[in-house]
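Chemist: Coordinates for the following, if possible.
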Amino acid sequence: MRVIIAGAGEVGRGVAAALRQEKRSVALIDPNPTAINESQSLDCLLVTGSALSRESLLRAGISDAEIMVLATNDDEANLLGCAFAKKVFSEQVGDRTASGLTTIAKIRDPTFLDPSRGAGPLESWSKADHVVCSSDEIVEQLAAGLLAPSIDEILPLGETSWIAVSEVMPGSPLIGTKTGYVGEIFVGIPSIYALRNEGERGMLTTGSEIIQEGQILVFVSRSTDQFHQITRAVGRKDEDFPENAQVAVFGASQFGSKLATHYLSRGSNVVVIEPDLDAANELVGSPVGSNKRLDVIHGDPQDEELLRELGIDHHDIAVAALDDDNLNIAISMRAKDKGVPRTGLLLKDRALVEAVHRIGLTRPVSRRLVTVTSILKSIHMNVPGTYQVIPPIPAIISISAEVNHDHKFVGNSVKDSEDALRSRIVMVERHDDTGTTVMLKPHTVESIEVGDRIYLFLARDDLKKVEKALEN
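Modeler: Got it, this is the predicted structure:
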């Protein structure tokens, strides 16, 4: 499979790096020579030029491409680039409908997708087969992480299920226990499906591994309610999440507005501090602006007097959602210093996330990393379902797939299905007799049935083989 990516920024390079790890052929196009130079280590075909240039597409090998990803910082150019790529592809291969080329457009502004305010659904009229706008996923991941800030990484698995990654601390009651017996000894704790020892790449668990201090463990939880059990099990502790939380959101950006809406829907009282008057007024005039539990303040997020008036030290949550990474870090550090128990921030730069972890701030989320994962999910749509990278254990990924009559493991036990797929089945989604969707733990499932959706952990190196076994 040849994939052409337009845009060699952090998102484009992130997608390219993931695909190269899967041994896929990748070409990167960007008009900026600096961005091209920064991509030299990726072992990709690099083309200095525009995605709207016929010459650039031909040099990138458009006639051999199966997927074209438009990941520039210009939403309009990304949509137009999908149409242009299909036109050039159809001319080169003689395929009038360009059915052999799948196009993916990255969209930064979610209003594009709004049927009333924008032009959604974009797939119905544009030449983009998949439109990726990850703003909802970014907010959902940050909010889930703030429920248990001491867990190192919280990632969506699918439906109501989550992946929780945490280091085993001194004094953890899990130390000395085999990974397969954790659920039997500690009632209610989620199962462990992967781990990483210091200096190693990480591996899927078999159940016989002895848990040791300093290991990185990967749990799969059916709901956020199990997060507190994980924190206690690994030797950490979080304060109970308050029912009517006091939440401060710094920034009325699209992410700040979505965060405010999220917490208001859960009964919280929210104050939004926005330095730009127009942005503050826009939030006040939006549908959520009339909520009585929302206050929108135009002011400097770093103004000490303003923070004292707000009583920031009495807030339960503070989230920095401005467009400036350094300012978000500074605001989160200040809120943490003032005693806010749960602080979160959104960052564009993926490298800064690790730095923030090291200095002890809770719950940074990289907007670009979530976007990279969303694009990879679209690329792997030959097996429709979820796709999740696990950053602390990059050798392991998670995918899902719906089971149909053609799958050879239909009717088999979970263990036999795992052997056939060279993966661990971590959750089974099934419709009960009333049509309600339920998430089942693998050990409660007698056999895999047609219509089930199975959620898998697998080694990244096995992805192609697993996808082939799961293709319709």
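Chemist: C-alpha coordinates for stretch 352-372, CSV please?
Modeler: Taking only C-alpha atoms (Å, rounded to 0.1, in the frame of the first residue of the first chain), the coordinates of stretch 352-372 have been written out as CSV:
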residue,chain,number,x,y,z
LEU,A,352,5.9,18.8,25.4
VAL,A,353,3.5,16.1,26.8
GLU,A,354,6.4,14.0,28.0
ALA,A,355,8.1,17.1,29.5
VAL,A,356,4.9,18.0,31.3
HIS,A,357,4.6,14.5,32.7
ARG,A,358,8.2,14.8,34.1
ILE,A,359,7.5,18.1,35.9
GLY,A,360,4.5,16.6,37.6
LEU,A,361,1.6,18.4,36.0
THR,A,362,-1.5,16.2,35.7
ARG,A,363,-3.2,15.2,32.5
PRO,A,364,-1.7,16.8,29.4
VAL,A,365,-3.3,15.8,26.2
SER,A,366,-1.7,16.3,22.8
ARG,A,367,-4.1,17.6,20.2
ARG,A,368,-1.9,16.5,17.4
LEU,A,369,-1.3,12.9,18.8
VAL,A,370,-5.1,12.4,19.0
THR,A,371,-5.4,13.7,15.4
VAL,A,372,-2.7,11.3,14.3
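Chemist: Now do it: distance to the chain's middle.
Modeler: Distance of stretch 352-372 from the chain centroid (Cα atoms, centre = their mean, to the nearest Å) equals 12 Å.
Chemist: Now do it: everything it contacts.
Modeler: 10-11, 14-15, 18, 106, 132, 134, 137-138, 141-142, 145-146, 149-150, 152, 255, 325, 329, 332-333, 336, 342-350, 389, 391 (Cβ atoms under 8 Å, 6 or more residues apart in numbering). The C-beta positions use only the backbone N, C-alpha and C, and glycine is treated the same way.
Chemist: Just the ones of the residues you listed in helices?
Modeler: Secondary structure defined by DSSP state H assigns 10-11, 14-15, 18, 137-138, 141-142, 145, 255, 325, 329, 332-333, 336, 350 of the contacts of stretch 352-372 to helices.
Chemist: Which among the contacts of stretch 352-372 count as buried?
Modeler: The neighbour count (16 or more other Cβ atoms under 10 Å) marks 10-11, 14-15, 18, 106, 132, 134, 137-138, 141-142, 145-146, 149-150, 152, 255, 325, 329, 332-333, 336, 342-348, 350, 389, 391 as buried among the contacts of stretch 352-372.
Chemist: how's this protein carved up into domains?
Modeler: Following automatic domain parsing, one finds the domains of the chain at 2-133, 150-233, 246-371, 395-470.
Chemist: Contacts only, for the nearest residue to Ile211 once chain neighbours are set aside.
Modeler: Spatial nearest neighbour of Ile211, chain neighbours left out: Leu174 (4.7 Å); criterion: Cβ to Cβ, 6 or more residues apart in numbering. By Cβ under 8 Å, 6+ apart, the residues touching Leu174 are Val168, Val182, Phe186, Ile211, Leu217, Ala233, Val234, Gly235.
Chemist: taking those one by one, which sit in helices?
Modeler: Using DSSP H, those in helices are Val182, Ala233.
Chemist: Any of the contacts of Leu174 buried? List them.
Modeler: Val168, Val182, Ile211, Leu217, Ala233, Val234, Gly235.
Chemist: Could you say whether Tyr193 sits in a helix, a strand or coil?
Modeler: Classification of Tyr193 by DSSP: H, G, I helix; E, B strand; the rest coil places it in strand.
Chemist: Was I right to think it contacts Val426?
Modeler: Yes. Using Cβ atoms under 8 Å, Tyr193 is in contact with Val426, at 5.0 Å.
Chemist: got any residues that touch both of the two?
Modeler: Val220, Phe457.
Chemist: Gly118 and Ser134: what is the separation?
Modeler: 16 Å (Cβ to Cβ, to the nearest Å).
Chemist: Same check on Leu80?
Modeler: Leu80 is 21 Å from Ser134, by Cβ to Cβ.
Chemist: ok, now Ser286?
Modeler: Separation of Ser286 from Ser134 (Cβ to Cβ): 21 Å.
Chemist: tell me how far the ends of stretch 396-416 are from each other?
Modeler: Using Cα to Cα, to the nearest Å, the end-to-end distance of stretch 396-416 comes to 20 Å.
Chemist: er, stretch 97-104 I mean
Modeler: 16 Å.
Chemist: Return the residue of the chain that is most distant from the centre.
Modeler: Gly94 (37.4 Å; Cα atoms, centre = their mean).
Chemist: Val15: what's it in contact with?
Modeler: Val15 makes contact with Ile5, Val69, Ala71, Val372, Ile375, Leu376, Ile379 under the criterion Cβ under 8 Å, 6+ apart.
Chemist: With secondary structure, neighbour count and distance to Ala280 as extra columns, can I get these in CSV?
Modeler: Formatted as CSV, these follow (DSSP: H, G, I helix; E, B strand; the rest coil; neighbours: other Cβ atoms under 10 Å; distance: Cβ to Cβ, whole Å):
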residue, secondary structure, neighbour count, distance to Ala280
Ile5, strand, 30, 37
Val69, strand, 34, 35
Ala71, coil, 29, 31
Val372, helix, 26, 31
Ile375, helix, 28, 32
Leu376, helix, 22, 36
Ile379, helix, 24, 38
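Chemist: Looking at the residues you listed, which one is closest to Thr444?
Modeler: In terms of Cβ to Cβ, no member of the contacts of Val15 lies closer to Thr444 than Leu376, at 30.3 Å.
Chemist: Verify the stated contact: that closest one with Tyr387.
Modeler: Yes. Counting by Cβ under 8 Å, Leu376 touches Tyr387, with 5.3 Å between them.
Chemist: Spell out the residue ranges of the helices in the stretch 351-472 of the chain.
Modeler: Applying DSSP state H, counting those that start in this stretch to the stretch 351-472 of the chain gives helices spanning 367-379, 414-421, 463-470.
Chemist: Determine which stretch of those helices is the most buried.
Modeler: Comparing the helices of the stretch 351-472 of the chain by mean neighbour count (mean count of other Cβ atoms under 10 Å), helix 367-379 ranks first with a mean of 24.
Chemist: so it versus helix 350-358, what angle?
Modeler: In terms of direction (axes from the mean of the first three to the mean of the last three Cα atoms, to 10 degrees), helix 367-379 departs from helix 350-358 by 120 degrees.
Chemist: Begin at 47, not 1, for the rest of this chat.
Modeler: Shifting the count to begin at 47 puts that one at helix 413-425.
Chemist: What average pLDDT does helix 413-425 get?
Modeler: Averaging pLDDT along helix 413-425 yields 94.
Chemist: between it and helix 181-191, what angle do the directions make?
Modeler: Using the same axes, to 10 degrees: helix 413-425 against helix 181-191 is 120 degrees.
Chemist: residues of stretch 261-281 that come out buried?
Modeler: Using 16+ other Cβ under 10 Å as the test for burial, stretch 261-281 gives 261-268, 270, 272-281.
Chemist: mean confidence score for stretch 87-106?
Modeler: Regarding stretch 87-106, the rounded mean pLDDT is 96.
Chemist: Pull the residues that contact that stretch.
Modeler: So stretch 87-106 is contacted by 50, 52-54, 59, 62-63, 66, 71-77, 79, 82, 85-86, 107, 116, 118, 123, 126-127, 130-131, 134-135, 138 (Cβ under 8 Å, 6+ apart).
Chemist: Leaving out the residues flanking it, which one is nearest to Ala81?
Modeler: Of all residues not flanking Ala81 in the chain, Ala54 sits nearest, at 4.0 Å (Cβ to Cβ, 6+ apart).
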